[in-house]
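S.K.: model the structure of this input:
(4 chains)
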Number of protein chains: 2
Amino acid sequence: MSVEERTDQILDAVERLLGRGGISAVTMRAVAAEAGVSLRLVQYYGSSKDDLLSAALERLSSRSVDAWTGEATPDSVRECLVSFMLAALPTDDASRALHRVGVSREVLAITGHPAAATAYRLHLTRIQNLIVDQCLRADPAVSPSRAAELAAQAMSLVHGLGSLLMIDHLTADQARSAVQNFDANLS
Amino acid sequence: MSVEERTDQILDAVERLLGRGGISAVTMRAVAAEAGVSLRLVQYYGSSKDDLLSAALERLSSRSVDAWTGEATPDSVRECLVSFMLAALPTDDASRALHRVGVSREVLAITGHPAAATAYRLHLTRIQNLIVDQCLRADPAVSPSRAAELAAQAMSLVHGLGSLLMIDHLTADQARSAVQNFDANLS
DNA sequence: GTATCAATGATACGAACGTATCAACAGTCG
DNA sequence: CGACTGTTGATACGTTCGTATCATTGATAC
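M.R.: Numbers count the residues shown, from 1 in each chain, chains lettered A, B, ... in the order given. Predicted coordinates for the structure are as follows:
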């Protein structure tokens, strides 16, 4: 097995653990068990735990940004925002896993871990820029600052709705109708 | 020092640690150091760590609900929602501490800790009921289900805005204007 | 063949945690 | 006075974590 394959195998295991139990579920031993390899191997390829986590989070961030970039280009700002929000809403296993990872990163960032904070900020900025680009492509007439403002509001709303959705304080339909309501009130 | 005073002294220490570093910052030894007492004393009054955390979180939840209940009663649904959102926005140290605690509870709830999940759900339901009650008192004409829907949307938005605010992805003014925008679009 | 070096596995080490144990002290009732 | 009970303190135990160490294997160059 090549180096890249081994690395992917281990990062895949980290990703699964992250999506299932958040950052606290990622221990070197748990990664080894999840990947079906020995602890020494995880050390060998991921050097330290921080490196391993950083690599997995970076890969996860890039991958979701790339996946989203390839989506069909919307033809209006409203459609752009609404399709992002509906896709980001944690209504299936994949998006629920992403939400767990995001909240884990958030709690690390706001409880005094500077490196995690800057990495998480970068991640959010990438997502926001992605939305802004799509909005501007859909409607070049809208101002970039206005697009950024709307993107931030959409990200906030979908994050909050996702949090309430994850613990079943909201149903998926209620969350979707809140998104539609936000959309309907866009000028 | 009486039993109640000792208990308060220790729970106060837990609360400070929670607000500063989230749940992971609460260790028996850290609580002892923060309260200025010995580890044995923390064990003596808080029996187990779970009991200690549960008691502190319950006290914190009740206290914030009570504090909010005593506020001036608004005279419209919109004013009720907006005053809640502006107050809940983490723009000062106290509300930022509360946001840290909330996100910590969330991450525990969504990563497979059933007891934390039900306790957190209960907490959110209490807050929602509080908002609904105030809305109905402000305008008895509005339907309870509509008030609950609006309360959930307000909670979602303020939670999401708070998350972006905490890591400085948003400024306080941007968050406030998003709240005003949400308010302006209420029917 | 064998020397060499990267890859892999088993195990050990120190730190931090929750919790338990044992000792010292203070107040109270007989 | 003395026995007892509840409170406080110091320390130890077992577990889990990240990491380090040591040994073994397998391929490749000479």
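S.K.: can we go C-alpha only for contacts and neighbour counts from here?
M.R.: OK.
S.K.: how many residues are close by A:Arg146?
M.R.: 11 (other CA atoms under 10 Å in any protein chain shown).
S.K.: do you know how far A:Leu122 is from B:Ala55?
M.R.: 37 Å (CA to CA, to the nearest Å).
S.K.: tell me how chain A divides into domains.
M.R.: Domain segmentation of chain A under automatic domain parsing yields A:1-53, A:71-184.
S.K.: ranking those by burial, who's on top?
M.R.: domain A:71-184 (a mean of 19; mean count of other CA atoms under 10 Å in any protein chain shown).
S.K.: quick one: is that one near DNA strand C?
M.R.: No. Using CA under 7 Å from any atom of the strand, domain A:71-184 stays clear of DNA strand C, with a minimum separation of 14.2 Å.
S.K.: now do that domain: distance to the chain's middle.
M.R.: Relative to the centre of its chain, domain A:71-184 is centred 9 Å away, using CA atoms, centre = their mean, to the nearest Å.
S.K.: that one: end-to-end distance?
M.R.: First-to-last residue span, domain A:71-184, CA to CA: 23 Å.
S.K.: next secondary structure element downstream of the host helix or strand of A:Thr125?
M.R.: In this structure, A:Thr125 sits in helix A:114-138 according to DSSP states H and E. Sequence-wise, the next helix or strand downstream of helix A:114-138 (DSSP H and E) is helix A:144-166.
S.K.: tell me the angle that next one makes with helix B:144-166.
M.R.: Put simply, helix A:144-166 runs at 120 degrees to helix B:144-166, going by axes from the mean of the first three to the mean of the last three CA atoms, to 10 degrees.
S.K.: angle of helix A:144-166 against helix B:114-138?
M.R.: 120 degrees.
S.K.: and chain A, which of its residues are near chain B?
M.R.: Within chain A, the residues that sit near chain B (CA under 8 Å from any CA of the partner chain) are A:20-22, A:100, A:103-104, A:106-107, A:109-112, A:117, A:121, A:124-125, A:152-153, A:155-161, A:163-164, A:166-167, A:169-170, A:178, A:185.
S.K.: again, 7 Å this time
M.R.: With CA under 7 Å from any CA of the partner chain as the criterion, chain A meets chain B at residues A:20-22, A:100, A:103-104, A:107, A:110-112, A:117, A:121, A:153, A:156-157, A:159-161, A:164, A:166-167, A:169, A:178, A:185.
S.K.: looking at the domains of chain A, which has the lowest confidence?
M.R.: Sorting the domains of chain A by mean pLDDT places domain A:1-53 lowest, at a mean of 92.
S.K.: can that domain be said to contact DNA strand D?
M.R.: Yes. Judged by CA under 7 Å from any atom of the strand, domain A:1-53 and DNA strand D are in contact via A:Val26, A:Thr27, A:Met28, A:Arg29, A:Leu39, A:Arg40, A:Gln43, A:Ser47, A:Ser48, A:Lys49, A:Asp50.
S.K.: B:Leu11 versus the residue nearest the centre of chain A, what's the distance?
M.R.: What sits nearest the mean C-alpha location of chain A, by CA atoms, centre = their mean, is A:Leu98, with 5.0 Å. Distance of A:Leu98 to B:Leu11, computed by CA to CA: 34 Å.
S.K.: now A:Thr27
M.R.: Relative to B:Leu11, and taking CA to CA, A:Thr27 is found at 30 Å.
S.K.: what do you get for A:Thr7?
M.R.: Distance from A:Thr7 to B:Leu11, by CA to CA: 45 Å.
S.K.: do A:Val82 as well
M.R.: 44 Å.
S.K.: swap in A:Gly70?
M.R.: From A:Gly70 to B:Leu11 the distance is 51 Å (CA to CA).
S.K.: helices - which of the residues of domain A:1-53 next to DNA strand D land there?
M.R.: A:Met28, A:Arg29, A:Leu39, A:Arg40, A:Gln43, A:Lys49, A:Asp50 (DSSP state H).
S.K.: out of these, which touch DNA strand C?
M.R.: A:Leu39, A:Arg40.
S.K.: now, among the ones in helices among the residues of domain A:1-53 next to DNA strand D, which is nearest to B:Asp75?
M.R.: A:Asp50 (52.1 Å; CA to CA).
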